[in-house]
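> Predicted model and sequence follow; I will ask about them next.
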Amino acid sequence: MPKETQGPLRNKFQIDHDKMIVIDESVFITGGFNLFDLGQDNRDMMLRIEGPTAKEASDLLYYEWTLSDKYIAPKPPKQVFVVKAAQEGNSMVKIVKTGFTERSTKPALISMINNAKQSVYLSVLEYSDMDLTKALINASKRGVDVRVIMDRKNQNDKYAGGLPVPNYFPNIMPAVELVKNHVPTRWYDIRMPDQELHMKMCVVDNQHLIAGSTNFTRQAFTTFRETSVQVDGGPAPEKMAKAFLDDWMSHSSAIKKITLKDKIRAKVVDFLDKRY
């Protein structure tokens, strides 16, 4: 990996958080699912994409395979493809990512929310980015139906050997602002022990979807290696909107009150996040 040359921690926490499989340059599977046993009980999703976008993903993986601290391959061209989605309609599919030459997921998310006409449904494991929070609040004030479901983050971190995670960390920071501005916000209710809401998904107007490995945090938007896809049209956005509404109605609890303890915790999260 190319080294981060600035900041107190430099290359610390520059992790590969992608979840991608490309088969024969023609089938591209990506999303939030970690490919080992501890992830199988989570509430999660993967997208299967066939067509030219799979070739683009294959080229992208090959390009990143060649990277090292001493070698940088030529920057791959940005492309947008139309792919046929299971005989149900056409989708415009574009890869958005955090990588060595690109940080396109956050701008794509905010643009999609800013252009929402009817609804914004956001479902996520980890969320701390306040620019995204402002976009959601502004959309709600315009009359858009904005709803947010977040993981409670009150389970031990099963991916780090059972290390404790502070309750609601880091999600309490946007939760405080969203609730203060009357944006409907809920905690996910687990269906089984140790389950997480592991999605990283935003659906707008039942027609536009961004989903993948990218949590909605500063680190995921700027430092980690992440890949998501933006899907416009076709069946995928509507299907994921229905999945979101099922969780909203049957597997989540409204955040009705923000306590002083929550506000203090949010300030601590903000302090830590700004200092990496």
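Nice, I can see it.
> buried stuff in stretch 181-188?
Using 16 or more other C-beta atoms under 10 Å as the test for burial, stretch 181-188 gives N181, V183, T185, R186, W187, Y188. Just so you know, the C-beta spots here come from the backbone N, C-alpha and C atoms, and that holds for glycine as well.
> For I190, grab phi and psi.
phi -70, psi 150 (degrees, to the nearest 10).
> need the contact list for it.
E196 (C-beta atoms under 8 Å, 6 or more residues apart in numbering).
> want to throw the buried residues of stretch 181-188 into TSV with distance to F244 and pLDDT?
Below are the buried residues of stretch 181-188 laid out as TSV (distance: C-beta to C-beta, whole Å; pLDDT from 0 to 100):
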residue	distance to F244	pLDDT
N181	20	95
V183	15	96
T185	13	96
R186	11	96
W187	14	94
Y188	11	94
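> out of these, who's nearest G212?
Using C-beta to C-beta, Y188 is the member of the buried residues of stretch 181-188 that sits closest to G212, with 18.6 Å.
> That closest one contacts D247, doesn't it?
Yes - counting by C-beta atoms under 8 Å, D247 is a contact partner of Y188 at 6.7 Å.
> Now for these two: what residues contact both?
In contact with both Y188 and D247: R43, S123, I149, L197, using C-beta under 8 Å, 6+ apart.
> so which of these is the most crowded?
Scoring the shared contacts of Y188 and D247 on neighbours with other C-beta atoms under 10 Å, the highest-scoring entry is S123 at 29 neighbours.
> and that one, that's in a helix?
No - applying DSSP: H, G, I helix; E, B strand; the rest coil, one finds S123 to be strand, outside a helix.
> got any ranges where the stretch 101-250 of the chain has weak pLDDT?
154-166 (pLDDT under 70).
> where along it do the helices fall?
105-114, 130-141, 172-180, 218-222, 235-250 (DSSP state H, counting those that start in this stretch).
> In TSV: the ones you listed, plus mean neighbour count and distance to L209.
Listed next are the helices of the stretch 101-250 of the chain as TSV, based on neighbours: other C-beta atoms under 10 Å; distance: least, C-beta to C-beta, whole Å:
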stretch	mean neighbour count	distance to L209
helix 105-114	19	9
helix 130-141	18	16
helix 172-180	22	20
helix 218-222	20	18
helix 235-250	17	4
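> wait, which of the ones you listed is closest to K263?
Using C-beta to C-beta, those put helix 172-180 closest to K263, at 6.0 Å.
> can you redo the helices of the stretch 101-250 of the chain as a markdown table with distance to K267?
What follows is the helices of the stretch 101-250 of the chain, written out as a markdown table (distance: least, C-beta to C-beta, whole Å):
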| stretch | distance to K267 |
| --- | --- |
| helix 105-114 | 23 |
| helix 130-141 | 13 |
| helix 172-180 | 8 |
| helix 218-222 | 16 |
| helix 235-250 | 29 |
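> Pull the number of nearby residues for R191.
12.
> Then T66?
Neighbours of T66 using other C-beta under 10 Å come to 10.
> Relative to I264, how far out is I23?
Per C-beta to C-beta, to the nearest Å, I23 is found 49 Å from I264.
> actually I137, not the one I typed
Counting by C-beta to C-beta, the gap from I137 to I264 is 22 Å.
> Of the shared contacts of Y188 and D247, which is the nearest to P170?
Closest to P170, out of all of the shared contacts of Y188 and D247 and judged by C-beta to C-beta, is L197, at 14.3 Å.
> hey, what's that closest one bridged with?
L197 forms beta bridges with R43, as assigned by DSSP bridges.
> wait, doesn't it sit right on R191?
No - using C-beta under 8 Å, L197 is not in contact with R191; the gap is 10.1 Å.
> shared neighbours of these two, which are they?
R43.
> Quick one: residues contacting the nearest residue to N42 once chain neighbours are set aside.
Leaving aside its sequence neighbours, N42 sits nearest to H198 (C-beta to C-beta, 6 or more residues apart in numbering; 3.9 Å). If you count contacts by C-beta under 8 Å, 6+ apart, H198 has them with G32, F33, N34, G39, N42, R43, D44, L125, D151.
> Check G99 too.
E64, R225, E226, T227.
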